[in-house]
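Asker: Dropping the sequence and predicted coords here.
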Amino acid sequence: MSNVNATIDAPRAGLGWKLGLWAAQILLSLFFGASGVCKLILPPPTLVLMNVNYAMDIPHWLLLFIGTAETAGAIGILLPALTGIRPSLTPLAGLGFVALQVLAICFHLMRGEIHGLPLNFVLVALAAFVLWGRTKKAPIAPR
């Protein structure tokens, strides 16, 4: 069987897969969008009050970098897929969130902050799901 036939014969993603991927993308966009904007506009002492315990322990430029990465990822996980313009950016945003969460897990483990790790594991799983789903299971065709 040639490579072309394998692509044609590949099973298509059903409605459940597509809805699950959209739900994951929306959740990731909302979570990281809110988190990123807060890191960009709120002062570190206010973030500490919001349980971003490390906000005063890292350089301010790093906090702004994380906020920028989260905000850009929130846009990239949703907008390219919605518009059909460069939808290949959506799985890349998922990859960025996976990397961000792996680093966050390591950072929090080093600080002994295990109370928030379940959320980090959920976020890395959702991001990996979008990465895989929009690459292999239900990619979005460009317009």
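Answerer: Sure thing, it's come through. Residues are numbered from 1 along each chain as shown.

Asker: Output the below-cut-off pLDDT ranges for the chain.
Answerer: Counting by pLDDT under 70, the low-confidence segments of the chain come to 1-11.

Asker: Just give me the residue right at the centre of it.
Answerer: Geometric centre of the chain, nearest residue: residue 97, 3.6 Å, by Cα atoms, centre = their mean.

Asker: wait, that residue sits on residue 129?
Answerer: No. Residue 97 lies out of contact with residue 129 (Cβ atoms under 8 Å); the separation is 10.5 Å. Where C-beta positions appear, they are placed from N, C-alpha and C, glycine not excepted.

Asker: What residues of stretch 52-61 count as buried?
Answerer: Residues of stretch 52-61 classed as buried: 52, 54, 55 (neighbour count, 16 or more other Cβ atoms under 10 Å).

Asker: Give me the contacts around it.
Answerer: 38, 39, 44, 45, 47, 48, 63, 107, 111, 113 (Cβ atoms under 8 Å, 6 or more residues apart in numbering).

Asker: For those, give me CSV that also has distance to residue 18, secondary structure and neighbour count.
Answerer: Putting the contacts of stretch 52-61 into CSV (distance: Cβ to Cβ, whole Å; DSSP: H, G, I helix; E, B strand; the rest coil; neighbours: other Cβ atoms under 10 Å) gives the following:
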residue, distance to residue 18, secondary structure, neighbour count
38, 31, helix, 17
39, 31, helix, 22
44, 40, helix, 16
45, 43, helix, 9
47, 36, helix, 19
48, 40, helix, 15
63, 36, helix, 20
107, 34, helix, 13
111, 39, coil, 11
113, 36, coil, 14
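
Asker: What strand or helix carries residue 91?
Answerer: helix 89-110 (DSSP states H and E).

Asker: helices and strands around the next helix or strand after that helix, which ones?
Answerer: Sequence-wise, the next helix or strand downstream of helix 89-110 (DSSP H and E) is helix 117-132. Using 3 or more Cβ pairs under 8 Å, 6 or more residues apart in numbering; DSSP states H and E, the elements in contact with helix 117-132 are helix 15-41, helix 89-110.
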